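Enquirer: how does the following fold in three dimensions:
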Amino acid sequence: MTATTAHPVSAQSLPDQKISWGLKLLYTFIALFLISLFYFTIFKPIKVLPRVSLAPGFAFLNQDGAIKTSEDYRGKLTIYNFTYTGCTGDCAPTTAQMQELHKALEQVAGQDVQLALVTISLDPANDSPELWKNYAAQYLPAVPGVVSWDFLTGEVQKTKYVVGGGFSLYYKNLNDAAGRPAVQFQPRFVLVDGWGIIRAEYRTAQLDIPMVLRDISYLRSEIRNSSGVARYAYEAAHLFRCYP
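Expert: Numbers count the residues shown, from 1 in each chain. Sure thing, here's the model as predicted:
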């Protein structure tokens, strides 16, 4: 009967095997990452809006003289615009566009998320809450709906910080040919999510309302999938910049 001789595993082979398995895992991870990158970049199975920046904090008065802060809009999808009561002539009529958007939002408002509109005065030295109230009466519905709309005014310097610094809308207060207060600015609408993050900026004098409704739909889907396994898919969509 022939005896068999056992060949002991060398002390060096075990570390080599561990290194081999480690490399396999690394290559597998890289392959999965590249496949995911290709899949999300090309096919964009989930579309998200970019997280532009943190929206500014503020404490202003609305048209009823009530204090409104940025915290009042937490948990809401909020669209901001910027104008003043003396906006006539060459000044873009953005408030009328907000009125049309308000009507459209009332039609799509649901239980899943609250919606709000905010108009901030660029001429707070002259736009008192009382003046805002008279101005707002032209645009607000006779019977309040589920979508709130506040017309805000505040201190001049704080407004500069909020609008110019926080929303990056630079404007210049001056007087027109008749000596009346006027403001030089580029029209802008801003969409802020419930976490207080700017998600879209519409730098236009003519708001594309269907586009805004589409963007709100994207945010509503993201909110509905902000927990559980689906959350990771949405974070991947942000990682791979799956923007519309």
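
Enquirer: so what are the domain limits for this structure?
Expert: The domain map for the chain lists 14-43, 53-230, with the assignment taken from automatic domain parsing.

Enquirer: out of those domains, which gets nearest to F240?
Expert: In terms of C-beta to C-beta, the element of the domains of the chain nearest to F240 is domain 14-43, at 3.8 Å. No exception for glycine: its C-beta is placed from N, CA and C like everyone else's.

Enquirer: of the domains of the chain, which shows the lowest average pLDDT?
Expert: Mean pLDDT across those is lowest at domain 14-43; the value there is a mean of 64.

Enquirer: I30: neighbour count?
Expert: 10 (other C-beta atoms under 10 Å).

Enquirer: let me know the secondary structure of it.
Expert: Under DSSP: H, G, I helix; E, B strand; the rest coil, the three-state class of I30 is helix.

Enquirer: quick one: it from Y73, how far?
Expert: According to C-beta to C-beta, to the nearest Å, I30 stands 43 Å off from Y73.

Enquirer: do the same with N126
Expert: From N126 to Y73 the distance is 25 Å (C-beta to C-beta).

Enquirer: stretch 226-238: which residues count as buried?
Expert: Y234, A236, A237, H238 (16 or more other C-beta atoms under 10 Å).

Enquirer: over to D90: give its phi and psi.
Expert: Backbone torsions of D90, given as degrees, to the nearest 10, read phi -80, psi -10.

Enquirer: hmm, I was thinking of F189
Expert: Phi and psi for F189, reported as degrees, to the nearest 10, are phi -120, psi 140.

Enquirer: residue contacts, the residue lying closest to it once chain neighbours are set aside?
Expert: Of all residues not flanking F189 in the chain, Y202 sits nearest, at 4.2 Å (C-beta to C-beta, 6 or more residues apart in numbering). Applying C-beta atoms under 8 Å, 6 or more residues apart in numbering to Y202 gives the contacts R188, F189, V190, L191, D208, M211, V212.
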